[in-house]
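# Here's my sequence, what's the structure:
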Amino acid sequence: MKRTLLFPLLLFALTTTSPVLAQERIYKAENYGLRAGSRKNATPALRKLLARIRAEASGNDSVVLRFSPGVYHFHEEGAEERTYYISNHDQTNPKRVGLPLEGMKH
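Presented below is the predicted three-dimensional model:
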């Protein structure tokens with residue numbers, strides 16, 4: 001009886017955790033206003049791009065965020081704020097975050 005119960009459970013586990021419906025989504029930063037070599041603050045454009053990724057990508061999708069080679073300037077102005085604590089020293093909160101990737105995977 002153990003074998004007859006084990007096979008359906010194994011089959012169920014494989015089908016529910018399989019990334020069959022997952023897609024690879026490629027986002028080119030330049031298509032969202034992030035240009036290498038520009039002195040312009042890239043923070044607002046990155047926030048919009050990350051919001052779009054969160055809205056479009058499912059939890060199983062593999063997301064590729066492709067930046068052209070070069071220098072990007074991320075300024076505090078327009079950055080998201082988070083409260084983080086670092087043990088054993090004084091700190092100010094909230095802190096500005098350049099690449100807020102919480103809740104993202106793959």
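# So what's the residue count around Tyr72?
Look at Tyr72: counted by other Cβ atoms under 10 Å, it has 19 neighbours. Using the backbone N, CA and C atoms, a C-beta is placed for each residue, glycine as well.
# Give me the nearest residue to it, chain neighbours excluded.
Ala42 (4.8 Å; Cβ to Cβ, 6 or more residues apart in numbering).
# what's the answer for Gln91, then?
Distances taken as Cβ to Cβ, 6+ apart put Tyr85 closest to Gln91, at 6.6 Å, once the chain neighbours are dropped.
# The one you found: helix or strand, and which one exactly?
Tyr85 belongs to no helix or strand when assigned by DSSP states H and E.
# Next SSE downstream of the helix or strand bottoming out on mean pLDDT in the chain?
Across the helices and strands of the chain, mean confidence by mean pLDDT, DSSP states H and E is lowest for helix 2-17: a mean of 56. Sequence order places strand 24-28 as the next helix or strand after helix 2-17, per DSSP H and E.
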